[in-house]
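K.L.:
Sequence and predicted model, in that order:
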Amino acid sequence: MGDKTEVACDLCQLVLPRRLVHTAHIKRRSESSPYERGDLNNVMNACVLGCDSLFEHGFVYVDVDGYIHASDQVKGEGLTIASLRVGDDCSAFSNKSAHYFAWHRENIANVNES
């Protein structure tokens, strides 16, 4: 984030004061190799207004094309996700981050896509 005072969340795109946005690992840090922990393609900006927790717990995921979706876990919990731009693209998605999002999708959100 450098010396920015405001940062956009890669999921909801809200531009917020820096202290309200976390640098979040896409593939969980505890499951990542030392290389993956330091790989900047394995991180995204996620706001503390909900996006960080929703992604961390697999309530939302990013598909193979980089679009944001609510997982079936949302329905099971009876949650409504109003702040996320479900169906829009995740600004942290790229060819270099795609395999990290695939790991999250399969292991945390429990979604299998080809």
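P.N.:
Received, thanks.
K.L.:
Tell me where the chain has strands.
P.N.:
Under the criterion DSSP state E, the chain contains strands at 6-8, 15-17, 21-25, 43-47, 60-62, 68-70.
K.L.:
Pairing partners for the fourth one, with directions?
P.N.:
Strands adjacent to strand 43-47 in the sheet, as given by DSSP bridges, are strand 21-25 (antiparallel).
K.L.:
Need the contact partners of the top helix by length along the chain.
P.N.:
If you go by DSSP state H, the chain has its longest helix at helix 98-107. For helix 98-107, the external contacting residues (CB atoms under 8 Å, 6 or more residues apart in numbering) are 26-28, 31, 36, 41-42, 55, 58, 61-64, 66, 90, 93, 111-113. The way it works is simple: take the backbone N, C-alpha and C, and place the C-beta from them, glycine included.
K.L.:
Show the buried residues in those residues.
P.N.:
Using 16 or more other CB atoms under 10 Å as the burial test, these include 26-28, 36, 41-42, 55, 58, 61-63, 66, 90, 93, 111 as buried.
K.L.:
which ones among these are found in helices?
P.N.:
Glu36, Phe55.
K.L.:
Identify the bridge partners of Ile68.
P.N.:
Under the criterion used (DSSP bridges), Ile68 bridges to Val62.
K.L.:
and the gap between it and Met44?
P.N.:
Computed with CB to CB, to the nearest Å, the distance linking Ile68 and Met44 is 11 Å.
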